[in-house]
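Enquirer: I would like to see how this sequence folds:
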Amino acid sequence: MFNEFFWGGIWFAWIFRLVFIGLIVWLIIHALSNNKTDINTFNQPETALDILKKRYAKGEITKEQFDQIKKDIQ
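Expert: Numbering: from 1, shown residues only. Here you go, the predicted model:
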């Protein structure tokens, strides 16, 4: 009876370790992939055209104003 319990404990320990290591690997990969997107977005400054497109998308300016400002900044 003791031997059966002992071997079951060993299998549980191995499974627990594999799950724990897998979780750590997943967290590292997830953190690195999120870092790459954050770094890329912070390295590129927002251009005047980007701001203009956002204002047009929000409805702050009309199509005619968008076209005129676009001509002016290019």
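Enquirer: In which helix or strand does the closest residue to residue 69 other than its chain neighbours reside?
Expert: Among residues not flanking residue 69 along the chain, residue 52 sits closest, at 5.6 Å (C-beta to C-beta, 6 or more residues apart in numbering). C-beta: built from backbone N, CA, C; applies to glycine. According to DSSP states H and E, residue 52 maps onto helix 48-58.
Enquirer: helices or strands next to that helix in the packing?
Expert: helix 63-73 (3 or more C-beta pairs under 8 Å, 6 or more residues apart in numbering; DSSP states H and E).
Enquirer: The helix it packs on - contacts with which helices or strands?
Expert: Looks like helix 63-73 contacts helix 48-58 (3+ C-beta pairs under 8 Å, 6+ apart).
Enquirer: From the chain's centroid, how far away is the helix it packs on?
Expert: A distance of 24 Å separates the centroid of the chain from that of helix 48-58, by C-alpha atoms, centre = their mean, to the nearest Å.
Enquirer: Name the residues of that helix that are buried.
Expert: For helix 48-58, burial by neighbour count (16 or more other C-beta atoms under 10 Å) applies to 52, 56.
Enquirer: What lies in contact with that helix?
Expert: 61, 63, 66, 69, 70, 73, 74 (C-beta atoms under 8 Å, 6 or more residues apart in numbering).
Enquirer: what's the distance between residue 61 and residue 54?
Expert: Note on residue 61: its distance to residue 54, by C-beta to C-beta, to the nearest Å, is 10 Å.
Enquirer: domain ranges for this protein?
Expert: Per the record, the chain has its domains at 1-43, 45-74, by automatic domain parsing.
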